[in-house]
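> Please work out how this folds:
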Amino acid sequence: MSSTLLEVTRGAHEDVERLERLIVKDLQNETSTGKDRLYQSHRVRNNIDTIISTTEKLIEIYEDKDNARKDEIAALGGQTATGTNVFSAFYDRLKEIREYHRKHPAARVVDSNEEYEALLKEEPVIEFSGEEALGRYLDLHELFNQYINSKFGSKIEYSAYLDVFSQPHNIPWKLKSTRQYREYMENLLEYLIYFFQRTEPLQDLERIFSKVEAEFEEQWADGQVQGWQKEGQENEDDNAQHTMIDLDYYSTVEELVELGPEKLKEALAALGVKTGGTVQQRAERLFLTKHTPLEKLDRKHFAKGSRKPEQNGPTAVPQDSLKDVALMEAKMRKLCDLLSKTVEQTKENVVKKQALTYEEMEQEREEEETQVDTESDDEDQQIYNPLKLPMGWDGKPIPYWLYKLHGLGQEFKCEICGNYSYWGRRAFERHFKEWRHQHGMRCLGIPNTKNFNEITNIQEAQELWEKIRERQGLNKWRPDLEEEYEDKEGNIYNKKTYTDLQRQGLI
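Here you go, the predicted model:
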């Protein structure tokens, strides 16, 4: 029954309207967890994609390139080859409907509302690695390995790489012109785009990038792209030009000899010609390039590792390629700005995991999973808590007497933990063994021992560490002064005196 083109058009319009109402209904539902918000965003994104594809089909139907829609409308109006006959067209249509119901007497009307309502409970399949934890953290380990094993990178830890990867302007532009850096930047941008599409499916990434490209074109034309300023490139070009010698000012080889061997060597190296030999040979070789183009010089004059100028041309990095790399950097920085909160959470998670054992990490992961599973709609209800008491294990405020007993109204600040506040004496005493305090002590270069318990000030901790080191220095075993040696006559010396006398031949 829905085989006609007009029926397909009507059904497509109905599907679009149903999906629009479904999106509104889905967005009106408030989500309590990050997992539910992620699923909701992907459901809405899938419905929007379906609307777009259905609308494109409708546009093709309305364009009517094969005149099928026009012919069907004319047939409904009774227009035939012999003329217009409305009644015959009406009865033919009625006959088709009766014939259909005669062949399918048990056919029932399908309520499409039930099918669309089921979409509200759907949980889309989203691919996240274990390290990403459903989009809460970034997983840049592969890119980190690529960075530290490259010429433009450096041997740093993963936590330090999370601070550096969004700052490509600190890398010299000469290293950026390599194929290795281009591949690294392509992989980094590809991962960030893929991660952003999974965590923020409702964001219009094409529109964001179009703005970035427009701003980039203006900055590139002015030479103000961060990390690609023309000043740095011009300085490099000037240095290369200084090594060149203007041969028009020299008429004989003897005049070139007066420049000295070093300057001649630099000029020959800049041309890719051999730099060895005496000063006379270098001057003759350089003077030869005055009247003979480099392309016509014999191969024996060039260094083994160099190529002729016509072969050097294609290997030079074109300006358009550098511009593409700079554009990728601009897009990457924009994505880092949009994902700044996720990057910070990733840094905190990495630092936290460094202070935990494997058993503690597994226990924490299990607690997070059970916490997500036990969250329910009861949390959405407003809880009466005028005294702003802490929440207990059941999600309700703890009794006031318990609040006073543990002194939870008392605030303790720790400067070593970054001025973090701990409420209650018990939480304050326990925090000295936790990851945040351990990381702060590690940054100060001080071991986190019992001697430093109850110390929260950085200056006090450093002063105590100096005293401990001095005390350890006084009580330390010094073999040069305290180890005893005896000679043949029974005289006793310390190790230092004994070895000195023995060297002099007095013993």
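
> quick one: low-confidence parts of the stretch 351-500 of the chain?
Judged by pLDDT under 70, the stretch 351-500 of the chain has its weakly predicted residues at 367-382, 473-478.

> just the helices in it please.
Using DSSP state H, counting those that start in this stretch, the helices of the stretch 351-500 of the chain run over 358-374, 400-405, 425-430, 435-444, 458-474, 479-482, 495-503.

> Would you mind measuring from His437 to Gly407?
20 Å (C-beta to C-beta, to the nearest Å). Where C-beta positions appear, they are placed from N, C-alpha and C, glycine not excepted.

> of those two, who's got more company?
Relative neighbour count places His437 above the other of His437 and Gly407, with 21 against 14, counting by other C-beta atoms under 10 Å.

> does the spatially closest residue to Tyr191 that is not a sequence neighbour sit in a helix, a strand or a coil?
Once flanking residues are discounted, Tyr191 sits nearest to Leu143: 6.6 Å by C-beta to C-beta, 6 or more residues apart in numbering. When classified by DSSP: H, G, I helix; E, B strand; the rest coil, Leu143 comes out as helix.

> OK, contacts around Leu143?
The contact partners of Leu143, taken as C-beta atoms under 8 Å, 6 or more residues apart in numbering, are 165, 184, 187-188, 191.

> ok, 7 Å please
187-188, 191 (C-beta atoms under 7 Å, 6 or more residues apart in numbering).

> neighbours around the nearest residue to Asn448 once chain neighbours are set aside, how many?
Ranked by C-beta to C-beta, 6+ apart and with sequence neighbours excluded, the top spatial neighbour of Asn448 is Met441, at 4.3 Å. Using other C-beta under 10 Å, Met441 has 20 neighbouring residues.

> try Asp298
There are 8 residues near Asp298, going by other C-beta under 10 Å.

> Lowest-scoring secondary structure element of the chain by mean pLDDT?
helix 309-315 (a mean of 40; mean pLDDT, DSSP states H and E).

> Any regions of the stretch 151-300 of the chain where pLDDT drops low?
Short version for the stretch 151-300 of the chain, where the test is pLDDT under 70: 229-246, 248-249, 294-295, 299-300.

> And the strands in it, which stretches?
Ranges of strands in the stretch 151-300 of the chain, per DSSP state E, counting those that start in this stretch: none exist.

> can you give me the helices in it?
Under the criterion DSSP H, counting those that start in this stretch, the stretch 151-300 of the chain contains helices at 158-164, 173-176, 179-199, 205-222, 230-243, 253-257, 261-271, 279-291.

> Which among these is found nearest to Glu30?
helix 179-199 (19.4 Å; C-beta to C-beta).

> What residues sit buried inside the closest one?
Within helix 179-199, the residues that qualify as buried are 181-182, 184-185, 188-189, 191-192, 195-196, 198-199, counting by 16 or more other C-beta atoms under 10 Å.

> Tell me the one of those nearest His13?
Checking the buried residues of helix 179-199 against His13 by C-beta to C-beta gives Arg198 as the nearest, at 31.7 Å.

> Now do the contacts for that closest one.
Contacts of Arg198 (C-beta under 7 Å, 6+ apart): 126, 128, 135.

> go with 10 Å
By C-beta atoms under 10 Å, 6 or more residues apart in numbering, the residues touching Arg198 are 38, 41-42, 126-128, 132, 134-135.

> which non-adjacent residue is nearest Phe152?
With C-beta to C-beta, 6+ apart, the residue lying closest to Phe152 is Leu175, at 3.9 Å.

> still on that earlier bit, next secondary structure after the least confident helix or strand of the chain?
helix 319-338 (DSSP states H and E).

> mind listing what's buried in that following helix?
Here helix 319-338 shows 322, 325-336, 338 as buried, counting by 16+ other C-beta under 10 Å.

> Glu142 against Tyr158, yeah?
No. Glu142 lies out of contact with Tyr158 (C-beta atoms under 10 Å); the separation is 11.4 Å.

> Looking at those two, which one has more neighbours?
Higher neighbour count among Glu142 and Tyr158: Tyr158, with 16 against 11, using other C-beta under 10 Å.

> nearest residue to that one other than its sequence neighbours?
Leaving out its chain neighbours, the residue that sits closest to Tyr158 by C-beta to C-beta, 6+ apart is Phe144, at 5.4 Å.

> Would you check how far apart that neighbour and Asn187 are?
For Phe144, the distance to Asn187 - C-beta to C-beta - is 11 Å.

> okay, which residue is most central for the protein?
Leu192 (5.1 Å; C-alpha atoms, centre = their mean).

> residue contacts, the closest residue to that one other than its chain neighbours?
Of all residues not flanking Leu192 in the chain, Leu335 sits nearest, at 4.4 Å (C-beta to C-beta, 6+ apart). Contact analysis of Leu335 by C-beta under 10 Å, 6+ apart lists 166, 188-189, 191-193, 195-196, 205, 208-209, 212.

> Ile208 too?
Neighbouring residues of Ile208 by C-beta under 10 Å, 6+ apart: 196, 331, 334-335, 338.

> One more: Pro124?
Here Pro124 is in contact with 38-43, 45-46, 201 (C-beta under 10 Å, 6+ apart).

> Also Lys450?
Phe432.

> Give me the residues contacting stretch 361-368.
The contact list for stretch 361-368 (C-beta under 10 Å, 6+ apart) reads 130, 133-134, 136, 352-353, 356-357.

> and which of these is nearest Asn29?
Leu134 (19.1 Å).

> The closest residue in space to the closest one that isn't next to it in sequence and Phe195, how far apart?
Counting by C-beta to C-beta, 6+ apart, Leu134 lies nearest to Phe128, which is 5.4 Å off, once chain neighbours are set aside. Distance, Phe128 to Phe195, by C-beta to C-beta: 9 Å.

> any shared contact partners between the two?
Counting by C-beta under 10 Å, 6+ apart, the residues touching both Phe128 and Phe195 are 135, 137, 139.

> Contacts only, for the closest residue to the first one other than its chain neighbours.
The shortest distance from Gly135 to any residue that is not its chain neighbour, by C-beta to C-beta, 6+ apart, is 4.0 Å, and that residue is Thr199. Applying C-beta under 10 Å, 6+ apart to Thr199 gives the contacts 34, 38, 41-42, 126, 128, 132, 134-136, 138, 338-339, 342.

> Give the burial count for Ile446, as a bare number.
That count, for Ile446 with other C-beta under 10 Å as the rule, works out to 19.

> ditto for Lys263
Quick note: Lys263 (other C-beta under 10 Å) scores 15 neighbours.

> any idea how far the closest residue to Trp228 other than its chain neighbours lies from Lys433?
Using C-beta to C-beta, 6+ apart and skipping residues adjacent in sequence, the residue nearest Trp228 is Ala326, 4.9 Å away. Distance of Ala326 to Lys433, computed by C-beta to C-beta: 48 Å.

> Leu402 versus Pro386, what's the distance?
17 Å.

> which one of these two has more residues nearby?
Comparing Pro386 with Leu402 by neighbour count (other C-beta under 10 Å), the higher total belongs to Leu402, at 13 against 6.

> Trp423 is in contact with His406, correct?
Yes. Between His406 and Trp423 there is a contact at 9.0 Å, judged by C-beta under 10 Å.

> which neighbours do those two share?
By C-beta under 10 Å, 6+ apart, the residues touching both His406 and Trp423 are Pro390.

> any weak-confidence spans in the stretch 1-150 of the chain?
Looking at the stretch 1-150 of the chain by pLDDT under 70, you get 1-3, 77-86, 106-117.

> which non-adjacent residue is nearest Ile148?
Lys155 is the one closest to Ile148 (C-beta to C-beta, 6+ apart), at 5.6 Å.

> That neighbour contacts Phe144, correct?
No. Contact criterion C-beta under 10 Å: Lys155 and Phe144 do not qualify, at 11.2 Å.

> and those two? which has more neighbours close in?
Phe144 (19 against 8).

> Does that one touch Gly153 like I think?
Yes. When contacts are counted by C-beta under 10 Å, Phe144 is listed as touching Gly153 (9.0 Å).
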